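**Q** coords below, sequence missing:
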């Protein structure tokens, strides 16, 4: 009888430890935070921008950095493997005026992406959880209509957009604060977009003005923020 009682206690303790181990892994994680995208300009530079828009040399230059937000919803099948849906928004102007010009009214740009894919988390540490993911989906880039002033002749652009394939492959690390909250200290992604800049800018300005810019971009995205865990 004593041996039976000891066995029952041992099995109960083992089952309890398994449950606690399972409970320590959140089933759902929701991340939200700031992102910075360093974007490849697709062979655009100040010289060919001036040529494409028929302006004097030294008028325009491309912009590389775009600020925005990044959000993710992650479902963990077990301690190691999960699936994540990633949402991203970036804002800015795709090219700016050089400091020696008096140009205003440059077109604003926005971009949104939706990606999804597998994620692997390393949950061996008490506070720190490194992870890596590979995400695939679409990206939609939009240029708003504008009238660029401060030039010998104003340049008008129409609203234009382009949607195509995108992917992100990267890694990050979360720092656990409480059972339900963590900080995403950093998430760094190689962020590939497939924006045909020839078509996008020709739709915005005029056919034939832009010839030669790349049809895909190899970018770097860095994100950080807060993670809610359930």
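**A** That came through fine. All figures in this text were calculated on a predicted structure; none of them were measured in a lab.
**Q** ok, now which ones touch the spatially most central residue of the chain?
**A** Geometric centre of the chain, nearest residue: residue 88, 4.8 Å, by C-alpha atoms, centre = their mean. Under the criterion of C-beta atoms under 8 Å, 6 or more residues apart in numbering, the contact partners of residue 88 comprise 35, 68-71, 111-115, 221. Where you see a C-beta, it was placed from the backbone N, CA and C, and this is true even at glycine.
**Q** can you list the strands that the helix or strand containing residue 137 pairs with?
**A** Assigned by DSSP states H and E, residue 137 belongs to strand 128-143. In the sheet, strand 128-143 lines up against strand 109-121 (antiparallel), strand 160-176 (antiparallel) (DSSP bridges).
**Q** what's the closest of the ones you listed to residue 144?
**A** With C-beta to C-beta, the closest approach to residue 144 among these belongs to strand 109-121: 7.3 Å.
**Q** residue ranges for the strands of the protein, please.
**A** Per DSSP state E, the chain has strands spanning 28-38, 60-62, 65-76, 81-92, 95-97, 109-121, 128-143, 146-148, 155-157, 160-176, 181-193, 217-229. These are given in chain order.
**Q** before we move on, back to that, mind checking how far the residue nearest to the centre of the chain is from residue 132?
**A** Going from residue 88 to residue 132 by C-beta to C-beta, to the nearest Å gives 18 Å.
**Q** re earlier: among the contacts of residue 88, which ones are buried?
**A** Neighbour counting by 16 or more other C-beta atoms under 10 Å classes 35, 68, 70-71, 111-113, 115, 221 among the contacts of residue 88 as buried.
**Q** report the contact partners of residue 179.
**A** Under the contact definition (C-beta under 8 Å, 6+ apart), the residues listed for residue 179 are residue 229.
**Q** for it, grab phi and psi.
**A** Reported as degrees, to the nearest 10, the phi and psi values for residue 179 are phi -60, psi -30.
**Q** just the pLDDT for the residue nearest to the centre of the chain.
**A** On pLDDT, residue 88 comes in at 97.
**Q** any idea what it is bridged to?
**A** The bridge-partner assignment for residue 88, based on DSSP bridges, gives residue 70, residue 113.
**Q** same deal with residue 168?
**A** Going by DSSP bridges, residue 168 is paired in beta bridges with residue 135, residue 191.
**Q** re the thing from before, identify each buried residue in the strand holding residue 137, please.
**A** Burial within strand 128-143, assessed by neighbour count using 16+ other C-beta under 10 Å, is assigned to 129, 131, 133, 135, 137, 139-143.
**Q** now swap in stretch 212-230 and tell me
**A** In terms of neighbour count (16+ other C-beta under 10 Å), stretch 212-230 has its buried residues at 213-214, 216-217, 219-225, 227, 229.
**Q** tabulate the residues you listed in a markdown table, adding columns for distance to residue 39.
**A** Rendered in a markdown table, the data for the buried residues of stretch 212-230 read as follows (distance: C-beta to C-beta, whole Å):
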| residue | distance to residue 39 |
| --- | --- |
| 213 | 12 |
| 214 | 11 |
| 216 | 12 |
| 217 | 6 |
| 219 | 5 |
| 220 | 8 |
| 221 | 9 |
| 222 | 12 |
| 223 | 15 |
| 224 | 18 |
| 225 | 20 |
| 227 | 26 |
| 229 | 31 |
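**Q** and which of the residues you listed is nearest residue 24?
**A** Proximity of these to residue 24 was ranked by C-beta to C-beta; the top entry is residue 229 with 10.2 Å.
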